[in-house]
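1. With the sequence up front, the predicted model follows.
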Protein chains: 2
Amino acid sequence: MLEKTTRVNYLFDFYQALLTPKQRSYMEMYYLEDYSLGEISELSQVSRQAVYDNIKRTEMMLETYEKKLHLYEKFQKRAALLEKLEQAAEATKTSNAILTMIEQLKELD
Amino acid sequence: MLEKTTRVNYLFDFYQALLTPKQRSYMEMYYLEDYSLGEISELSQVSRQAVYDNIKRTEMMLETYEKKLHLYEKFQKRAALLEKLEQAAEATKTSNAILTMIEQLKELD
């Protein structure tokens, strides 16, 4: 069965602009609006198997884009660094620590 | 004629993983190694026109990816903010200003 994971949701967020309208529509129904494969099949007037195959293929495409562009991976790294930076700024620690983190952040881009 | 702009170089940086090996190769020769169309044509044993068309098409693809994913645009925004953030940290101004910029930075992701 398909797994409705956070990872897929993130990948969909980052790469949905590269999908076809039909791919986007199935993914939205399945992952965002929580329709079942059976319900999507009925609404779209195609077989349940066709919906399943389309979603599976789309998931593989998202993973392929991620392997090439690493947008989700970079996002996670940036988010982790920003979290640290924010904590440091909140505590108003030495500005050296802040600058070091900013440097790391820049290297991610 | 083709223009060897900084913009194309940046777009190539961000999206080259989505190009075919041949597209990548022509772009590298033309934009990074500064070969002329004539030289690329000789090296690749294809017509000068074919090289030109391929590079032009690739440039259009890069712009299409940018319209969809905005990686270069986001990079520029992040870079500008990080510059400000760095200046503020260097001057060790109020930490409120720093936090505000960090918030903006997060919203870009």
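-> Everything's here; your move. Numbers count the residues shown, from 1 in each chain, chains lettered A, B, ... in the order given.

2. Chain A against chain B: which residues are in contact?
-> Contact residues, chain A versus chain B (Cβ under 8 Å from any Cβ of the partner chain): A:15, A:17-18, A:65, A:68-69, A:71, A:75, A:78-79, A:82, A:85-86, A:89-90, A:92, A:95, A:98-99, A:102, A:105-106, A:109. No exception for glycine: its C-beta is placed from N, CA and C like everyone else's.

3. Now, of the residues you listed, which are buried?
-> A:15, A:18, A:65, A:69, A:71, A:78, A:82, A:85-86, A:89, A:95, A:98, A:102, A:105 (16 or more other Cβ atoms under 10 Å in any protein chain shown).

4. Name the pair among those residues with the greatest separation in space.
-> Spatial extent of those (Cβ to Cβ) is set by the pair A:18 and A:95 at 40.5 Å.

5. Out of the residues of chain A next to chain B, list just those in helices.
-> Among those, the members found in helices (DSSP state H) are A:15, A:65, A:68-69, A:71, A:75, A:78-79, A:82, A:85-86, A:89-90, A:95, A:98-99, A:102, A:105-106.

6. Specify the angle between whichever helix or strand residue A:50 is part of and helix B:48-69 in degrees.
-> Applying DSSP states H and E as the criterion places residue A:50 in helix A:48-69. Angle of helix A:48-69 versus helix B:48-69, following axes from the mean of the first three to the mean of the last three Cα atoms, to 10 degrees, is 110 degrees.

7. Now do helix A:48-69: which elements does it pack against?
-> In terms of contacts (3 or more Cβ pairs under 8 Å, 6 or more residues apart in numbering or on different chains; DSSP states H and E), helix A:48-69 is packed against helix A:6-15, helix A:21-27, helix A:37-44, helix A:71-90.

8. how's chain A carved up into domains?
-> As assigned by automatic domain parsing, chain A contains the domains A:2-69, A:73-108.

9. and those, which one is worst for confidence?
-> Confidence, taken as mean pLDDT, is least for domain A:73-108 of the domains of chain A (a mean of 74).

10. Any buried residues in stretch A:51-66, and which?
-> A:51, A:52, A:54, A:55, A:58, A:59, A:61, A:62, A:65, A:66.

11. dump the residue contacts of the last one.
-> When contacts are counted by Cβ atoms under 8 Å, 6 or more residues apart in numbering or on different chains, residue A:66 is found next to A:11, A:14, A:15, A:72, A:73.

12. Can you pick out the most distant pair from those?
-> Comparing every pair within the contacts of residue A:66 by Cβ to Cβ identifies A:15 and A:73 as the most remote, at 12.7 Å.

13. chain center to stretch A:61-69: distance?
-> With Cα atoms, centre = their mean, to the nearest Å as the basis, stretch A:61-69 stands 10 Å off its chain's centre.

14. likewise stretch A:13-25?
-> 12 Å.

15. returning to what we had before: for chain B, state which of the buried residues of stretch A:51-66 is nearest.
-> Here the nearest of these to chain B, counting by Cβ to the nearest Cβ, is residue A:65; it sits at 8.0 Å.
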